[in-house]
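Asker: Next comes the sequence, and after it the predicted model I'd like to discuss.
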Amino acid sequence: MAKEFRIDFTESIKKIKIPTAIVYGKNDAFITAAEISDMAKAIPQAQVIMSKNPDHFVGTNSQNETIQIIFNFFKQHENSHL
């Protein structure tokens, strides 16, 4: 059933031209390492960040870590005029 609802964002994400954090859980069951790699290659300024959270729902299940990830990402890019 999951394959029936699969959406291909390949062309859409190529249009992202700003620094972008791709955050995923270390044992994410919804997205593969190959898909993460493909996304990172398609977005010129992508940074892949693996969460300590064990699953796909990083923002929901690891809120403090998510805040820290976002803060650190913004800090790294504060002079790049996001």
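Answerer: Ah, there it is.
Asker: Going by C-alpha atoms from here, please, whenever you check contacts or count neighbours.
Answerer: OK.
Asker: The residue nearest to the spatial centre of the chain sits in which helix or strand?
Answerer: By CA atoms, centre = their mean, the chain has its centre lying nearest to Ile22, at 1.8 Å. Per DSSP states H and E: Ile22 is located in strand 20-25.
Asker: and after that strand, which helix or strand comes next?
Answerer: helix 33-42.
Asker: quick one: that next one to chain centroid distance?
Answerer: In terms of CA atoms, centre = their mean, to the nearest Å, the centre of helix 33-42 is found 9 Å from the chain centre.
Asker: Stretch 16-23 now?
Answerer: 8 Å.
Asker: For it, measure first residue to last.
Answerer: 16 Å (CA to CA, to the nearest Å).
Asker: Let me know the average pLDDT across that stretch.
Answerer: The average pLDDT for stretch 16-23 rounds to 94.
Asker: Does Pro19 touch Ala46 like I think?
Answerer: Yes: counting by CA atoms under 8 Å, Pro19 touches Ala46, with 5.8 Å between them.
Asker: Which other helices and strands does the lowest-mean-pLDDT helix or strand in the chain contact?
Answerer: Sorting the helices and strands of the chain by mean pLDDT, DSSP states H and E puts helix 10-13 at the bottom, at a mean of 85. Applying 3 or more CA pairs under 8 Å, 6 or more residues apart in numbering; DSSP states H and E, we find helix 10-13 packed against helix 33-42.
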